[in-house]
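Q: need a structure here:
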Amino acid sequence: MKQAKHDEFLKHFPISRETFQALELYEAMLREWNQKFNLIGNSTLPEIWTRHFLDSAQIMSYIPEETQSLADMGSGAGFPGIVLSILGVPEVHLIESVGKKAVFLYEIVKALDLNVAVHQGRVEDMHNFKADIITARALKPLPELIKLANPLMHKGSFGIFLKGKNVLEELTESAQSWTFDFAKSPSISDPSGSVLIIKNLRSKHAGKPKPKRKK
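A: Here you go, the predicted structure:
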């Protein structure tokens, strides 16, 4: 069964032996730490290579070659940020507020010698920081994701978010407060999921004067 899970990943992403070994070490450390800290649901442990690795890796197909930096909001156990770093994103920033998860991320980065910075704290507290690509997986509904991601974006940045079955409703709700271009593609790991790209994000309230308070 384990080999079959490898095969499903490799069918979509034929990787080098070195990259495969890095993912295997990641898997081993994740299983070990999960016994103490419950980083991911135990029911997903048999499906690490599809439920977590493949789900994260599919974002690589949407990242331009010229991309230099990526910020992963709410990284948790490292999905998708650690996987994307292993697959070749030059500079990855993981933002995680939960201490035990941040410690695990530090250990993975050290063990795999990745060019990854771990920021222990809330996304809202990331000041004067910008990245080319902003990612998130199973973090918050889209309106909240957009609000969190916007301060991390420069003019050419865009978001790549792994979303579930409610993506259309979330897009409609987001459009009440934001203007943006989007593209939606089916997930290769979850039949009900989507890979959502958000570009040219702008608040509909930007530049509008605040209403005066009544005396």
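
Q: buried sites along the least confident helix or strand in the chain by mean pLDDT?
A: For the chain, scoring each helix and strand by mean pLDDT, DSSP states H and E identifies helix 2-12 as the least confident one, at a mean of 80. Taking 16 or more other C-beta atoms under 10 Å as the neighbour-count basis, helix 2-12 is seen to contain the buried residues 5, 8, 9. Bear in mind the C-beta positions are built from the backbone N, C-alpha and C, glycine included.

Q: list the contacts for residue 37?
A: Contacts for residue 37 were tallied using C-beta atoms under 8 Å, 6 or more residues apart in numbering; they are 100, 101, 104.

Q: swap in 10 Å and give it another go.
A: Going by C-beta atoms under 10 Å, 6 or more residues apart in numbering, residue 37 touches 77, 98, 100, 101, 103, 104.

Q: phi, psi for the last one please.
A: Backbone dihedrals for residue 104, given as degrees, to the nearest 10, come out at phi -60, psi -40.

Q: the longest helix along the chain: which residues count as buried?
A: Ranked by number of residues, the top helix in the chain under DSSP state H is helix 17-37. Neighbour-count burial for helix 17-37 flags 20, 22, 23, 26, 27, 29, 30, 33, 34 (criterion: 16+ other C-beta under 10 Å).

Q: ramachandran angles for the closest residue to the second one other than its chain neighbours?
A: It refers to residue 22. For residue 22, ignoring the flanking residues on the chain, the nearest one in space by C-beta to C-beta, 6 or more residues apart in numbering is residue 86 at 4.9 Å. When read as degrees, to the nearest 10, the backbone of residue 86 gives phi -60, psi -40.

Q: please enumerate the helices of this protein.
A: With helices called from DSSP H, the chain shows them at 2-12, 17-37, 55-57, 81-86, 99-112, 142-149, 167-174.

Q: I'd say residue 154 and residue 132 touch.
A: Yes - here residue 154 reaches residue 132: they are 7.7 Å apart, a contact under C-beta atoms under 10 Å.

Q: common neighbours of those two, please.
A: Shared contacts of residue 154 and residue 132, defined by C-beta under 10 Å, 6+ apart, comprise residue 69.

Q: of the two, which one has the most company?
A: Of the pair residue 154 and residue 132, residue 132 is the one with more neighbours under other C-beta atoms under 10 Å, namely 20 against 9.
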